[in-house]
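# give me a 3D structure for the following:
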Amino acid sequence: MNEKVMERRWAVVTGASRGIGFHLAAGLVKRGYGVVIVARDEQHLERAREELTGLGGEVVALRMDLSEQGAAQRLHAECQERGLEVEVLANNAGMFAYRDLADCTEERVGQMVRLNVATTTELCRLFVGDMRARGRGYILNMSSYASWLPMAGLGLYGASKSYLRELSYALRDEVRESGVSVTV
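Numbering: from 1, shown residues only. Reported below is the predicted structural model:
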């Protein structure tokens, strides 16, 4: 195992190819973290990797659709295989649809629930176990104002973000004494 990989602090940022996720990754690079950026769009992911590397960061870019079944396990396994001790997990990837639930396709509902709820939950479970064993770590789960404001057209999205908010509060309490912090 490469000693340089072992001594660097690592962060995983999902949905990191643009927007908030990209800026989270850039902030972590500026703080000296090696960053694993994850996104499904290869073109945007490559552009983000180039820009973050240009900031002086060590960047691993993983093209992955986190709305697929088993994606969390694949991402965690990839980090372990590379010998990356992930100190920061930023769950930023999310799916949005401004559409009444009755007008959503079964496929869209499944994708949104898998990404916004199931994958994020599983990433928390997998990485917090590692963090707790080391006695340090930080998890950021990106929620939304929609979690507080149920409204037509945003029911599924708002409910998924409300779930994430509540999960984060509970997880924060579960790991409070372990050296791991959780923010939503």
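
# helix, strand, or coil at A90?
Assigned with DSSP: H, G, I helix; E, B strand; the rest coil, A90 falls in the strand class.

# going forward can the numbers begin at 36, since that is how I track them
Yes, from this point I'll number from 36; that puts the last item at A125.

# need the contact list for G91.
Each residue near G91 by C-beta atoms under 8 Å, 6 or more residues apart in numbering is listed here: V64. C-beta coordinates here come from the backbone N, C-alpha and C atoms, glycine included.

# same deal with E81?
Contacts of E81 by C-beta under 8 Å, 6+ apart are A96.

# go on, R171?
122, 214-215.

# contact partners of stretch 201-216?
Outside stretch 201-216, the residues that reach it (C-beta under 8 Å, 6+ apart) are 155-156, 159, 163, 166-167, 169-174, 176, 178, 217-219.

# how many neighbours does Y173 have?
Using other C-beta atoms under 10 Å, Y173 has 16 neighbouring residues.

# please disregard the earlier target; I meant E85.
E85, neighbours per other C-beta under 10 Å, totals 11.

# coming back round to it: and the contacts of R171, which of them are buried?
122, 215 (16 or more other C-beta atoms under 10 Å).

# buried subset of the contacts of stretch 201-216?
Buried among the contacts of stretch 201-216 (16+ other C-beta under 10 Å): 155-156, 159, 163, 166-167, 172-174, 176, 178, 217, 219.

# and stretch 70-85, what's buried?
Those would be 70-75, 79-80, 83-84, for stretch 70-85 by 16+ other C-beta under 10 Å.

# helices - which of these land there?
Under the assignment DSSP state H, those contribute 79-80, 83-84 to helices.

# returning to that earlier point: list just the nearest of the contacts of R171 to A137.
When the contacts of R171 are compared for distance to A137 (C-beta to C-beta), V215 wins out at 40.1 Å.

# now do the phi/psi pair for the closest one.
Per-residue torsions, V215: phi -110, psi 140 (degrees, to the nearest 10).

# picking that back up, lowest pLDDT pick from the buried ones among the contacts of stretch 201-216?
Ranked by pLDDT, the buried ones among the contacts of stretch 201-216 bottom out at S178, which has 89.
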